[in-house]
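J.: Here is my input; please provide its structure:
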Amino acid sequence: MGDGRVIAVAGAKGGVGKTTTAINLGVALAHAGQTVAVVELDLAMANIVDFLQFEPERTLHDVLSGTAPTTEALYPIDDRMHVLPSGTELAEFNAINVAALAPVIRSLRPAYDFVLLDTAAGVSPETIYPLRLADEVLIVSTPRVASIRDGKKTIELAHRVNGEVMGVVFVRAGTGRAPPPERLATFLETDLIGAVPEDETVAAAQDMSQPICLFDPDSPAATAYQEIADSLVLGDTADDGDDDAVLGRGGVADLQNAEAIAKSAAKADPDGMDGATKPLESDALTTGDPDDNGFEFVKRKGE
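T.: Okay, here's the model as predicted:
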């Protein structure tokens, strides 16, 4: 088996469905015959155990603090799929070495076809560092205005750390007055990887601590995740170029750089301005256009 494909499942806004997407995409990839590891990288507010029926004795926090090998913190969830959860105690967070994430992810590559990094919300070194470690970044967003803005911000973050954005997945699609996913992806200037419809079965599955792809494989949401997985398996794989050209393979120096990037990115105006003066290369997003169901795509000055 060659090196696995590392995908960061990301989105600056919390509550948009990153963990749900990482878990269900992992199950769907496993059902497509792939081996998958899902790594929970919300190091301060871990909650993947709430989505799944297991109680980990060892976690990523133990691995990063040097008290356990990676193999002892991997748990089987489905055939061909393992999860590496983070610890749920805040005291564990103080003992970890975030810079040790790079060798952990490298160690998983030879063992799995796909390594999915379930990233945290917000803008911080812990959020940005995984974008540097992944081959590609998969943006997760709802079709709501605030989520689209934060999706745009996450894409900008990925570009600033030399990350490769593969595209966007919209969850809870088809709700509200938003434009169709294809138009929203065009605004974000990225590919539409898939759209997961609003499906009440998702909440029912979460109440039972099960992925929707196992709870009800024939549900609309599960079907959408399976279609996304199939497209990843059948589509082009990540570039196997020179790893030396990829940022984020080292240790403390990379983490310090990530802190500087986080401070810079936090100043970016999600409405389309970098700082206060420099327009971004893409259009701004505002609300209020009745012809587009409440959305308006505003061109930059001079266009």
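J.: now the strands: where do they sit in the stretch 51-200 of the chain?
T.: Applying DSSP state E, counting those that start in this stretch to the stretch 51-200 of the chain gives strands spanning 75-78, 81-84, 114-118, 136-141, 165-173, 192-197.
J.: Other residues contacting the third one?
T.: Looking back up the chat, that one is strand 114-118. Contact with strand 114-118 is made by 4-9, 18-19, 22-23, 25-26, 29, 34-42, 48, 105, 108-109, 130, 133-134, 232, as judged by C-beta atoms under 8 Å, 6 or more residues apart in numbering. No exception for glycine: its C-beta is placed from N, CA and C like everyone else's.
J.: try 7 Å
T.: Residues from elsewhere that reach strand 114-118 (C-beta atoms under 7 Å, 6 or more residues apart in numbering): 4-9, 18-19, 22, 25-26, 29, 34, 36-42, 48, 105, 108-109, 130, 134.
J.: Now do stretch 154-168: distance to the chain's middle.
T.: 11 Å (C-alpha atoms, centre = their mean, to the nearest Å).
J.: on that earlier part again, so which of the contacts of strand 114-118 are in helices?
T.: 18-19, 22, 25-26, 29, 105, 108, 130 (DSSP state H).
J.: What is the nearest of those to residue 153?
T.: Among the ones in helices among the contacts of strand 114-118, residue 18 lies closest to residue 153 (C-beta to C-beta), at 14.4 Å.
J.: which stretches of this structure form helices?
T.: Applying DSSP H to the chain gives helices spanning 18-31, 60-64, 90-93, 101-108, 125-133, 145-160, 181-188, 200-207, 212-215, 220-234, 252-266.
J.: any chance of the ones you listed in JSON lines, plus mean pLDDT and mean neighbour count?
T.: As requested, these are arranged in JSON lines below (pLDDT from 0 to 100; neighbours: other C-beta atoms under 10 Å):
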{"stretch": "helix 18-31", "mean pLDDT": "94", "mean neighbour count": "26"}
{"stretch": "helix 60-64", "mean pLDDT": "89", "mean neighbour count": "25"}
{"stretch": "helix 90-93", "mean pLDDT": "54", "mean neighbour count": "14"}
{"stretch": "helix 101-108", "mean pLDDT": "92", "mean neighbour count": "19"}
{"stretch": "helix 125-133", "mean pLDDT": "80", "mean neighbour count": "24"}
{"stretch": "helix 145-160", "mean pLDDT": "88", "mean neighbour count": "21"}
{"stretch": "helix 181-188", "mean pLDDT": "92", "mean neighbour count": "18"}
{"stretch": "helix 200-207", "mean pLDDT": "89", "mean neighbour count": "15"}
{"stretch": "helix 212-215", "mean pLDDT": "92", "mean neighbour count": "22"}
{"stretch": "helix 220-234", "mean pLDDT": "94", "mean neighbour count": "20"}
{"stretch": "helix 252-266", "mean pLDDT": "51", "mean neighbour count": "16"}
